[in-house]
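Novice: I need the structure of the sequence given here:
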Amino acid sequence: MKESLYTIPLMDAFKADDECPFCFIERELEQHAISFILGSAYMEDDIRMETDETGFCRHHYKMMYDYGNRLGSALILSTHFKKLNKDLKEQIKAFSPGKTSLFKKSKASENPLSDWIEKKEHSCYVCNYIEKNYDRYLDTFFELYKKNPEFLELFKKSKGFCLHHFKELAADGQNKLNDKQKAEFYPILFSLMEENMKRLEEEVTWFTEKYDYRNKDKDWGNSKDSIQRCMQKAAGGYPADAPFTADR
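Specialist: Residues are numbered from 1 along each chain as shown. Model prediction:
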């Protein structure tokens, strides 16, 4: 299989010895999107039209602030707020509160203004970028699994995945593999997860036991950073990462 835009980063992610190669990929995509939008892209009309419409989620607004390009963020927000205020004015003008009932409470789905805000809260340029590219990496994973012996070995020797990305792989394998491939794939995947989840349990348990005075002179082993790696395995992401800035 020829190396492509997606195969090379995916191979690199599996070579990184990470607790979850797909967390590694998502972090790369996220940081690339932040660098792109706060680089020269915010001066491009088509990009600005897209960010005006979608905006950003709470998490990625925080990343943009941490990144450090205040002028870039201000320019993006300037035109986004023009669009946001125009839409808000229309929503408020059209708003009509429902009749008060003694028998049932109003639901958000019965309130167009609340529905509009709900949609805005889940609309994000960076999230959209990650989701679009993540799906392609997931497709590439199964293509490499089926056709690339080197990748197959990397997969077998990996540390497994976080539970979130394990769920994605377990679900997508149903549609992307034939019966013979499934019979080989799932035992490898399940074995990796059980083995590495147990490894982390032992490492974080040893972290706690090191605080017993009887163990103070014993080696920490791999337990010193086990807390953040357990958190990653359980929920994905990198809780110990420093803020991503323009200088990094």
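Novice: okay, residue 111: pLDDT?
Specialist: Confidence at residue 111, expressed as pLDDT, is 80.
Novice: Please apply the same query to the one 10 residues further on.
Specialist: At residue 121, the pLDDT value in this model is 91.
Novice: give me the number of residues near it?
Specialist: When counting by other CB atoms under 10 Å, one arrives at 11 neighbours for residue 121. In this view, the C-beta of every residue, glycine as well, is placed from N, C-alpha and C.
Novice: residue contacts, it?
Specialist: 57-58 (CB atoms under 8 Å, 6 or more residues apart in numbering).
Novice: Okay, strands next: where are they in the chain?
Specialist: Counting by DSSP state E, the chain yields no residue ranges for strands.
Novice: so where is it shaky, pLDDT-wise?
Specialist: 1-3, 98-110 (pLDDT under 70).
Novice: Relative to residue 26, how far out is the spatially closest residue to residue 7 that is not a sequence neighbour?
Specialist: Ranked by CB to CB, 6 or more residues apart in numbering and with sequence neighbours excluded, the top spatial neighbour of residue 7 is residue 140, at 5.8 Å. Plainly put, residue 140 is 14 Å away from residue 26 if you go by CB to CB, to the nearest Å.
Novice: How about residue 7?
Specialist: Distance, residue 7 to residue 26, by CB to CB: 17 Å.
Novice: Of the two, give the one with the bigger neighbour count.
Specialist: The residue with more neighbours, out of residue 7 and residue 26, is residue 26; 23 against 18, by other CB under 10 Å.
Novice: ok, now how distant is that one from residue 154?
Specialist: From residue 26 to residue 154 the distance is 18 Å (CB to CB).
Novice: just residue 209 next, same as before
Specialist: 33 Å.
Novice: And these two? Which one has more around it.
Specialist: residue 154 (17 against 12).
Novice: Just to check, that one is in contact with residue 13?
Specialist: No. Between residue 154 and residue 13 there is no contact under CB atoms under 8 Å: 9.3 Å.
Novice: overlap in contacts of the two?
Specialist: With CB under 8 Å, 6+ apart, residue 154 and residue 13 have no common neighbours.
Novice: one step back: if I pick the residue nearest to residue 7, what's in contact with it?
Specialist: So residue 140 contacts 4, 6-7, 10 (CB under 8 Å, 6+ apart).
Novice: same thing with residue 66?
Specialist: Contacts of residue 66 (CB under 8 Å, 6+ apart): 243-245.
Novice: Can you tell me how far the spatially most central residue of the chain is from residue 58?
Specialist: In the chain, the centroid-proximal residue (CA atoms, centre = their mean) is residue 26; its distance is 5.0 Å. The gap separating residue 26 from residue 58 is 17 Å, by CB to CB.
Novice: Also residue 52?
Specialist: 18 Å.
Novice: which of the two has more neighbours?
Specialist: When neighbours are counted by other CB under 10 Å, residue 52 and residue 58 differ, and residue 52 comes out ahead with 18 against 8.
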